[in-house]
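Novice: From the sequence below, what's the structure:
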Amino acid sequence: MPKIVAPLLGALLSLASLSALAAPAQESRSVVGLAAPAEIRVDTWGIAHIYAGSVRDAFFLQGYNVARDRLWQIDLWRKRGLGLLSKDFGPTYVAQDRAARLFLYRGDMAKEWAAYGPGAQDNTTAWVAGVNAFVGEIASGKRPLPLEFRIAGSTPDRWSAEDVVRIRSHGLTRNVPNEVGRAQIACKAGLPAARLYRFIEPKWTTKVPDGLDPCSIPADVLADYQLAGAGVKFSGPPEQRAALEVPPEAIGSNNWTVSGSRTATGRPILANDPHREHGAPGLRYIVHLNAPGFSVIGAGEPALPGVSIGHNDKIAFGLTIFPVDQEDLYVYETKPSDPDQYRYGDGWEPMTVVKDVIPVKGEAVPRPVELRFTRHGPVLKTEGGKAFAIRTVWSQPGTSAYFGSTGYMQAQDWAGFKAALAGWGAPSENQAYADTSGHIGWVAAGMVPARPNWDGLMPVPGDGRYEWKGFLTPDQLPSEADPRQGWFASANQMNLPADYPVAERKVGFEWSNPARFLRVDEVLAAKPKLTVADAMALQTDPYDITSRRLIAVLAPLKTDDPKLTRALALLRGWDHRTSEGSAGAALFEVWTGKHLGRAVVAATTPKDVQGVIGNGDLAAVMELLENPDATLPAEARDAVLKASLTAAYDEVSARLGPDPKTWAWGKLHHARLEHALTPLADAATQPLLAAGPTPMGGTSLSPMAATWRPDDFRVVAGASFRMVLDVGAWDNSMTINTPGQSGNPESPHYRDLFPKWVKGQYVPLVYSRQAVEAATETVITLTPAP
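Specialist: Purely as a prediction, here's the structure:
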């Protein structure tokens, strides 16, 4: 495992050494809307520790502070989510704006706020007031316009509290693309041809729903769906922007919580590293909020109040996606004489047509658009006498992504934590828990539709035969307090209990590859006295456990071909670690990532659907390779293995030279975090915006998640931040963000953490006032404006 940084009181830094640093810089600010004097202490790693006189002021200053550090990022998030890009950036964004508006919450706002529990609306109102206070300072000339706005030729907008929760297109409900892909396969080759498309767990046989013609679904039915969730691109035609996004299977996380009975100190340890798409600035922002009776530190998405991963004075919490099925695609017959009506039951039902306008930069008159909705949700497409709409849980009150953390971040014990999660809507999560009394636990949380007569794996007719019958109750989802083995871990794998009533509660069948979980579980089982350093090493462990199985499949192969002989010897002698300097990792990753799956799909699947299946799901491919059958007999399997491994060897040789002794995974696999504005920046500014490139280890299936794209091996997704908590001795906790805490390219904290993140290193996550003061780099003293 990689060499990592010791905890705060260890070899790297101690409170004593921090206190010997230069005296903190001092700033004073008079802020409109602040109720009482307060201060923000920014530590040497760019983490802001906010000390306020009330909870209201703490959230106000969280908004003010995130605007100080990440204003461009949160402003763009809001404009993208509300469909306001064209106003600032011109007509090429009209289609994306229209798509985003399809995915706004349009329900009762009183019910929406009530769903999150006491304080949610007040805290959000305070947070928004803080953002607006900073925006006001820019508008008045008190603060300069940040560099990103100058590059883009735009200005920041003011917010309303409703903006924060109405945006739903970032909610990570993601089953519908697989429904469409499976329908395309069923149309062209029948459902058995979908065997390698996605690995189904628990074992289940799906069928084409009665009344569905899978051939009726257009190839581009999800264009608006994809565009609504796409990031904002400032290069390339708009119709290609969604295609540039990270594939859903790259979005995941690791977490584990370990009882004090299995740690060196006797205190629990909780670790979490959420995996998302990479960019500059990063997706997560670390902050510490303090007010009388309230102290919470951790990370969340910058545009949301509070934190979703972290700890307060009593409990620690971390999350990973619990990838259940929270959405469905409905197919309707439309009325020939009026395509805005669709068949439902024995009659025709009108769509709701919303007439909207989109302001466009450079155009005097806003562009009119129409948005259509069925009883199930937004209409994505109409064509050939059919309409297609999506139903997702986010149409329900209380399902703004991650906003449910406003409840549990203030919980004081297991009962309070579980109670707060009873209202968690989206995305569905494995919520890990630990507390200072020594308890640990896990709650699977999220709004899960009850589908009485289908499994959610295919689109269904929207005529009333396939309706959700409410949602599963919280006690119908798994949870566990103080597990007997002394730890709980998740990595988006299928973790339903063996006796879970799957036929009755069809929560989902498409989970992440279990490789990361299996490695984490293997290491935790072998560590009877885990330390914080051990947990950091595990988060940055490049071991790919799938390689053991695949290399075992290669074991019986015999060949006289010198090239294949060298390839087999390299893999058989490899240590299974996708380390930066590993030659075996370079070959294995190119083989499994670009050649093996596609070769198996080509050998077993009708040509018409190979484009839909692509490389196949590696878990399904591995199952077939380990258990050859009539579709791929052993002799044919061996031929596929040989041909694909030879092709991979040839590719690595072409890229790195003919001598494997000179190969290294890091010569291919690299991290470069790019800012979306790079194409608009001048040559002198562009270097300020990026972090990297730099060689990097890891892969999508190692605990050190580092998903790469096939064309250039650039890392596109992985740990957006990492955190290891020493529960109760909070100042021993460690973290890392990337590329830095600030989103301002002119700040020293814009990319200062990137080198540590790439190398698997950490910085202290200080919590006590004493530790914060010792680590303080800048003190910002704030007073209410007269």
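
Novice: Let me know how buried the closest residue to His669 other than its chain neighbours is, in neighbour terms.
Specialist: Distances taken as Cβ to Cβ, 6 or more residues apart in numbering place Phe713 nearest to His669, at 5.0 Å, with adjacent residues excluded. Glycine gets a C-beta too; all of them are placed from N, C-alpha and C. Counted with other Cβ atoms under 10 Å, the neighbours of Phe713 add up to 21.

Novice: Am I right that Phe713 is in contact with Leu668?
Specialist: Yes: counting by Cβ atoms under 8 Å, Leu668 is a contact partner of Phe713 at 4.2 Å.

Novice: ok, back up a step: let me see the contact set for the residue nearest to His669.
Specialist: By Cβ atoms under 8 Å, 6 or more residues apart in numbering, the contact list for Phe713 reads Leu668, His669, His670.

Novice: What about those residues, which are in strands?
Specialist: Applying DSSP state E to the contacts of Phe713, the entries found in strands are His670.

Novice: Now pLDDT too, for the contacts of Phe713, in CSV please.
Specialist: Listed next are those as CSV, based on pLDDT from 0 to 100:
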residue, pLDDT
Leu668, 99
His669, 98
His670, 98
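
Novice: Okay, buried residues for stretch 462-479 please.
Specialist: For stretch 462-479, a neighbour-count test (16 or more other Cβ atoms under 10 Å) marks Gly462, Asp463, Tyr466, Glu467, Phe471, Leu472, Pro474, Leu477, Ser479 as buried.

Novice: Quick check: longest helix in the protein by residues?
Specialist: The longest helix of the chain (DSSP state H) is helix 55-82.

Novice: following that one, which helix or strand shows up next?
Specialist: Using DSSP states H and E, the helix or strand that follows helix 55-82 towards the C-terminus is helix 85-89.

Novice: Tell me which residue is most central in this structure.
Specialist: In the chain, the residue lying closest to the centroid (Cα atoms, centre = their mean) is Arg276, at 3.7 Å.

Novice: Could you check how far that residue is from Ala717?
Specialist: Distance from Arg276 to Ala717, counting by Cβ to Cβ, to the nearest Å: 6 Å.

Novice: Double-check that the residue nearest to the centre of the chain belongs to a strand.
Specialist: Yes: under DSSP: H, G, I helix; E, B strand; the rest coil, Arg276 sits within a strand.

Novice: okay, now the closest residue to Asp224 other than its chain neighbours: neighbour count?
Specialist: Spatially, and ignoring its direct neighbours in sequence, Asp224 is nearest to Ala99 (4.2 Å; Cβ to Cβ, 6+ apart). Other residues within reach of Ala99, judged by other Cβ under 10 Å, total 23.

Novice: so who does Ala99 touch?
Specialist: Gly83, Ala223, Asp224, Tyr225, Leu227, Ala228.

Novice: what's the helix or strand for it?
Specialist: Residue-wise, Ala99 maps onto helix 94-102 under DSSP H and E.

Novice: Could you list the buried residues of that helix?
Specialist: Val94, Ala95, Gln96, Asp97, Arg98, Ala99, Ala100, Arg101, Leu102.

Novice: Can you name the secondary structure element that comes next after it?
Specialist: As assigned by DSSP H and E, the chain's next helix or strand after helix 94-102 is helix 109-115.

Novice: hey, where'd the helices end up in the stretch 551-700 of the chain?
Specialist: Using DSSP state H, counting those that start in this stretch, the helices of the stretch 551-700 of the chain run over 562-572, 583-590, 597-604, 607-613, 618-626, 634-656, 686-689.

Novice: Comparing those helices by mean pLDDT, which bottoms out?
Specialist: Among these, helix 686-689 has the lowest mean pLDDT, at a mean of 94.

Novice: State the distance from Ser479 to Thr257.
Specialist: Relative to Thr257, and taking Cβ to Cβ, Ser479 is found at 13 Å.

Novice: so what's in contact with those two at the same time?
Specialist: Common neighbours of Ser479 and Thr257 (Cβ under 8 Å, 6+ apart) are Gly441, Trp442.

Novice: Helix, strand, or coil at Ala299?
Specialist: strand.

Novice: Looking at the residue lying closest to it once chain neighbours are set aside now. What's its pLDDT?
Specialist: What sits nearest to Ala299 in space, not counting adjacent residues and going by Cβ to Cβ, 6+ apart, is Arg284, at 4.3 Å. Note on Arg284: pLDDT of 98.

Novice: Asp224 versus Arg284, what's the distance?
Specialist: From Arg284 to Asp224 the distance is 28 Å (Cβ to Cβ).

Novice: now do Ile297
Specialist: 39 Å.

Novice: These two: who's more crowded?
Specialist: Taking other Cβ under 10 Å, Ile297 and Asp224 do not tie; Ile297 has more neighbours (27 against 24).

Novice: beta partners for that one?
Specialist: Per DSSP bridges, the residues bridged to Ile297 are His288, His311.

Novice: still on that earlier bit, quick one: neighbours of the residue nearest to Ala299, just the number.
Specialist: 24.

Novice: residues making contact with stretch 217-233?
Specialist: 76, 80, 85, 93, 95-96, 98-100, 102-103, 169-170, 176-177, 180, 183-184, 187, 238-239, 241-245, 277, 279, 329, 331, 378, 380-381, 383-384, 388, 390, 459, 676.

Novice: Can you list the buried residues in it?
Specialist: Neighbour counts over stretch 217-233 (16+ other Cβ under 10 Å) mark 217, 221-231, 233 as buried.

Novice: same question, stretch 356-365
Specialist: Ile358, Val360.

Novice: can you give me the end-to-end distance of that stretch?
Specialist: Distance across stretch 356-365, first residue to last, is 13 Å (Cα to Cα, to the nearest Å).

Novice: Name the residues that touch it?
Specialist: 83-84, 86-91, 94, 97-98, 101, 366-371.

Novice: Kindly state the domain boundaries assigned to the chain.
Specialist: Per automatic domain parsing, the structural domains of the chain span 15-170+247-324+397-443+474-494+718-784, 546-670.

Novice: Centre of the chain to the longest one, how far?
Specialist: For domain 15-170+247-324+397-443+474-494+718-784, the gap between its own C-alpha mean and the chain's C-alpha mean amounts to 14 Å (Cα atoms, centre = their mean, to the nearest Å).

Novice: Could you check how many residues crowd around Glu746?
Specialist: The burial count for Glu746: 12, using other Cβ under 10 Å.

Novice: surely it meets Glu148?
Specialist: No: contact criterion Cβ under 8 Å: Glu746 and Glu148 do not qualify, at 9.8 Å.

Novice: Run through this structure and note the low-pLDDT ranges.
Specialist: 1-21, 236-249 (pLDDT under 70).
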